[in-house]
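Visitor: 3D, please:
(chains A and B)
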Amino acid sequence: MNIFSKLSIKYKIIFVSLIITIPSVLISSMLILYLNLNTFKNEIIQKSLTDAKLVNELIAAPMAFDYADQVYQIIEKLINQENILSIYVLNNKNEVISEYIKPGTQKFSLSLRNESEINSYRYAFDDINTLHIDYTISFETEKYGNLIIYSDTGITKYFWHSLQYIIIIGLIIGLLAYIVISRLQIIISAPIVELAEISQKITENQDYTITVTTNSKDEIGLLYNQYQKMLYSLQTKEKENREIVDKLKQNQQTLIKTQAIARIGSWERNFLTNEIVWSDEEYQILEQSKHLIPTFDAILENIYPADKQNFLNNWEKALKFGAEYNIEFRYMRNSGIKWLQEKAEIYFDKNGKALKALGYTYDVTKRKEQELELLKHRNNLEELVQHRTNEIIQLYSDIAFKNELLYKINSELNSEKLKVVEQSEKINSVNSRLLKKAQELENTLGKLKSAQSQLVQQEKMASLGTLTAGIAHEINNPINFISSNMMGLETLLFELKEQFDNLAALQPENGNIIKEINSNINLLINNIKIGINRTVEIIKSLRTFSRDSKENYSNANINDNLDSTLLLLKNQYKDKIEIIKEYGHISPVFCSIGQINQVFMNLILNAIQAITDAGVIKIKTTEETNFLKITIEDSGKGIPEDIKNKIFEPFFTTKEIGKGTGLGLSISYNIIKNHKGEIKVESTIGKGTSFFVFLPLNEKA
Amino acid sequence: MRIFSLIIVLLIGSDYAFSQHSQDVLKAVFTARFIQFSQWENEEIFFQKQDKFYFYSLSEKSINNELEKTLSKIVLKGKKVEFKKISDIEEALEANVIFLSDDCIECIASLINAVENKPILIISDADNFAEFGVHINMYITNKGTIGFELNMKAFEKSGIMPNSGLIRMGKIVKQ
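Guide: Residues are numbered from 1 along each chain as shown, chains lettered A, B, ... in the order given. Just a heads-up that it's a prediction; the model follows:
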């Protein structure tokens, strides 16, 4: 153990590594050799058994048929294999049918025969190098004989061969291990040696600026990094120390200078050694030679006699009772008497024994002189102040009286002013509210008037609707009655006419009269028929006017409806009226397409009829909030103001008698109302009329 | 020719110089071996349904005795062998193996036609029977030994497979 501890790290690493490596290599090599030998042995057995099995399968048929030639031909195939020493094929009577013995090989004994039944084998090692397999030759349930194979395993040869390899590999591994370990120890010990050398250099030169670097990231790298950090730390500390020393020196110089400027001297008194240390300025203040060794007595003997006792008492109090040492005393030297102030801090041990005192001495002579002067001035000033104060008190009492009077007058004025402002504000507020109310009343009145007018119009329209519906219903039955009887009457009159014609033939003298009567009958019948048709037409219109059915409602694109209507009316407006379409991107409307088409038909037809010569009809669709707006604008003659309110009334027409029923706009009004929409008109005489139809969007029946 | 060969074989004192009886014995053994070394399609399932292994002979010759003797001692395909001498081709359809000799020359055509594509092995010992459609036909070689020939087409049709050893030892004929 002692020898090992004396070895260098290099040899320790090499020694330990080789101690581990060599036995490991030896043991593992032996293990590998052992396992390889076993594997090799098993492979030989398996291979020989496979050969034997193969031969057995091939040989079974020739054996069954006793074809010895065939048997030999099969075993001949095995002869080429190097390891086969001899092959014997025996029949069930133990007679050798076929055999092969490798030249130079002894004939083996056949005593180890496998006597067992079909499909079995035995194997044994006659010696380490000779494997003996005995395989029964059989097919299905029948045994035909035995196949005996002796083969050379070559285990000894394999063993020596493998051993040679292992030794060579072992030597190579050992050599490689030595090289690797040597390199490894260099990697480990070289940085340590380098660090040791650097440390020595630092110690010798006190140079902490040296840097150590390595690219290694391992433990060595860590050691270098830590060493470098330590160096940085030392370098910083050393720099700090140097700075502190410099600063101390500087402070000392500053202190000396400051003391000189302030004329403050400092001192230290050690009670254990009775040693006293003065600063340069202390010598100056005390006017003592710098060669003098400072003593307590050196000060004491120069203190003004009247102040000596006080000086000593102060020290005594401070040392005995820990009182503050702070004293002013007079000091006598060559320059005369000067006032000095001394202040000190005394340090005691645990037992209360004074150890040392640190203090300063300050020449306060000037201050003392100024204080005396100041005292004198203060006394004079106090007298003056007293005098002036008395005068001011008198003046102040006068002012206070006057001020009180003014305050009273001012407060009365303020109170009056506030009252006035308050009244004014109230008047303004009432005034503004009155104005607002008046405005609101005016607006409400306007709205009421408008609403009243609309209500009157709506009520009138509703009453008229009900009335016309009733009339239509009442007239419908009689007109049907008249119409059907008219047909019968017409037939009868036709027959009567024939009779009249016959009569005219018989009475030529009355022929002209009869012809005239016939002609009048025809005319009357036609007139009656025209009247009936017209009445039927009016009733139909009236029924449409009063109908409100939600049947046939669907989503419609109004632009398409307008186009369809325009197409139907094309013959009415072509060549004389220009149609301007301004269709917008509009949403579909849930409506009765037929009824809405009828509205458009009425409005456009009116527009066409309103234009006598040439003109323009502008049709515009736009989508507004919740409503679709359809504008039909013509450049016709316009509607006079006095009849504008009547145009939606049933039977109101400006057309010639017999040309219009006076129901078109009434029906349109009702249809739009039933669709929860609105229809409005704006017209200017001579300029034209605009009808505005509003249909609700998102309206579902 | 066969007799002549036999006489020569007997005269030269060969191991295989044998009498008709010995020949029959050997042929009977060979026949049994042929069956052993032939494999029926799905053999195990096929013979599971049968109680016995049916070996029918259409031959009228003396070999029948040796066949019966030899086959009665052994088990084929796990079954005891029932040997039967038949004369009707219809009966032959129930057999697993049919044995023919040269005296069956008149009926061979109708037999082959009847058993075609059926799993029935036909073994014979008559000249050119293999070419005609018999699976295995035995013959006496020039050396006086028993040789045999195989009709692979017939094997293929019946779904029976000869062992590779048989194929190697036998002579393959063309049909």
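
Visitor: Show me which residues of chain B sit near chain A.
Guide: B:Phe30, B:Arg33, B:Gln36, B:Phe37, B:Val75, B:Asn163, B:Ser164, B:Gly165, B:Leu166, B:Arg168, B:Met169 (C-beta under 8 Å from any C-beta of the partner chain). Heads up, the C-betas are built off the backbone N, CA and C, glycines and all.

Visitor: wait, which of those residues is closest to chain A?
Guide: B:Gly165 (2.2 Å; C-beta to the nearest C-beta).

Visitor: Tell me which stretches of the stretch 351-500 of chain A form strands.
Guide: A:354-363 (DSSP state E, counting those that start in this stretch).

Visitor: Alongside chain B, which residues does it contribute?
Guide: Counting by C-beta under 8 Å from any C-beta, no residue of the stretch 351-500 of chain A sits close to chain B.

Visitor: nearest to A:Leu26, of the residues of chain B next to chain A?
Guide: B:Ser164 (52.8 Å; C-beta to C-beta).

Visitor: Distance-wise, check that closest one relative to A:Lys77.
Guide: 14 Å (C-beta to C-beta, to the nearest Å).

Visitor: got it, and A:Thr491?
Guide: In terms of C-beta to C-beta, A:Thr491 sits 130 Å off from A:Lys77.

Visitor: just B:Asp125 next, same as before
Guide: 32 Å.

Visitor: Same drill for those two, tell me which one is more crowded.
Guide: B:Asp125 (25 against 12; other C-beta atoms under 10 Å in any protein chain shown).

Visitor: what's near enough to touch that one?
Guide: Shown in contact with B:Asp125 (C-beta atoms under 8 Å, 6 or more residues apart in numbering or on different chains): B:Lys27, B:Ile63, B:Leu100, B:Ser101, B:Asp102, B:Asn137, B:Met138, B:Tyr139.

Visitor: cool, A:Tyr121 as well?
Guide: A:Leu49, A:Ala52, A:Lys53, A:Asn114, A:Ile133, A:Asp134, A:Tyr135, A:Thr136.

Visitor: May I have the phi/psi pair for the last one?
Guide: Backbone dihedrals for A:Thr136, given as degrees, to the nearest 10, come out at phi -80, psi 130.

Visitor: remind me which residues of chain B are low pLDDT?
Guide: Residue ranges of chain B with pLDDT under 70: B:1-18, B:175.

Visitor: for chain B, what spans make up the helices?
Guide: B:2-12, B:20-36, B:43-48, B:63-73, B:89-92, B:108-115, B:129-132, B:152-158, B:164-169 (DSSP state H).

Visitor: want to throw those helices into a markdown table with mean neighbour count?
Guide: Listed next are the helices of chain B as a markdown table, based on neighbours: other C-beta atoms under 10 Å in any protein chain shown:
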| stretch | mean neighbour count |
| --- | --- |
| helix B:2-12 | 13 |
| helix B:20-36 | 20 |
| helix B:43-48 | 12 |
| helix B:63-73 | 18 |
| helix B:89-92 | 16 |
| helix B:108-115 | 16 |
| helix B:129-132 | 22 |
| helix B:152-158 | 17 |
| helix B:164-169 | 18 |
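
Visitor: Show the buried residues in the contacts of B:Asp125.
Guide: Among the contacts of B:Asp125, the ones that count as buried by 16 or more other C-beta atoms under 10 Å in any protein chain shown are B:Lys27, B:Ile63, B:Leu100, B:Ser101, B:Asn137, B:Met138, B:Tyr139.

Visitor: Can you tell me how far A:Leu435 is from A:Glu422?
Guide: 21 Å.

Visitor: So for A:Gln598, which of the helices of chain B sits nearest?
Guide: helix B:43-48 (91.3 Å).

Visitor: Run the chain-centre distance for that closest one.
Guide: 21 Å (C-alpha atoms, centre = their mean, to the nearest Å).

Visitor: Quick one: residues in contact with it.
Guide: Contacts for helix B:43-48 (C-beta under 8 Å, 6+ apart): B:Trp40, B:Phe53, B:Lys77, B:Gly78, B:Lys79, B:Pro119.

Visitor: Please apply the same query to stretch A:219-231.
Guide: Counting by C-beta under 8 Å, 6+ apart, A:187-188, A:191-192, A:195, A:198, A:202, A:208, A:210-216 sit against stretch A:219-231.

Visitor: Out of the residues you listed, grab the one that's most surrounded.
Guide: Neighbour max across the contacts of stretch A:219-231 (other C-beta under 10 Å) = A:Pro191, 19 neighbours.

Visitor: so what's that residue closest to, chain neighbours aside?
Guide: Using C-beta to C-beta, 6 or more residues apart in numbering or on different chains and skipping the chain neighbours, the partner closest in space to A:Pro191 is A:Ile220 (4.8 Å).

Visitor: Please report how far the one you found lies from chain B.
Guide: 73 Å (C-beta to the nearest C-beta, to the nearest Å).

Visitor: Beta-bridge partners for the residue nearest the centre of chain B, please?
Guide: Centroid-nearest residue in chain B: B:Ile123, 2.4 Å away (criterion: C-alpha atoms, centre = their mean). On the basis of DSSP bridges, B:Ile123 is bridged to B:Phe99, B:Ile136.

Visitor: In contact with it, which residues?
Guide: Counting by C-beta under 8 Å, 6+ apart, B:Ile123 makes contact with B:Thr31, B:Phe34, B:Ile35, B:Val97, B:Ile98, B:Phe99, B:Leu100, B:Val134, B:His135, B:Ile136, B:Asn137, B:Met138.

Visitor: ditto for A:Ile187
Guide: A:Ile220.

Visitor: so when I look at it, I'm seeing a helix, right?
Guide: Yes: counting by DSSP: H, G, I helix; E, B strand; the rest coil, A:Ile187 is located in a helix.

Visitor: Quick one: closest of the helices of chain B to A:Gln499.
Guide: Taking the helices of chain B one by one with C-beta to C-beta, helix B:108-115 is closest: 112.7 Å.

Visitor: so what does that closest one touch, helix or strand wise?
Guide: Packing contacts for helix B:108-115, counted by 3 or more C-beta pairs under 8 Å, 6 or more residues apart in numbering or on different chains; DSSP states H and E, involve helix B:89-92, strand B:97-100, strand B:121-124, helix B:129-132.

Visitor: Nearest to A:Lys350, out of those?
Guide: strand B:121-124 (129.3 Å).

Visitor: and chain A, what are its domains?
Guide: A:9-171, A:263-363, A:366-546, A:551-696 (automatic domain parsing).

Visitor: weakest of those domains by average pLDDT?
Guide: With a mean of 80, domain A:366-546 has the lowest mean pLDDT of those.

Visitor: Tell me which residues of stretch A:292-309 come out buried.
Guide: So stretch A:292-309, judged by 16+ other C-beta under 10 Å, has buried residues A:Pro294, A:Ile299, A:Asn302, A:Ile303, A:Tyr304, A:Asp307.
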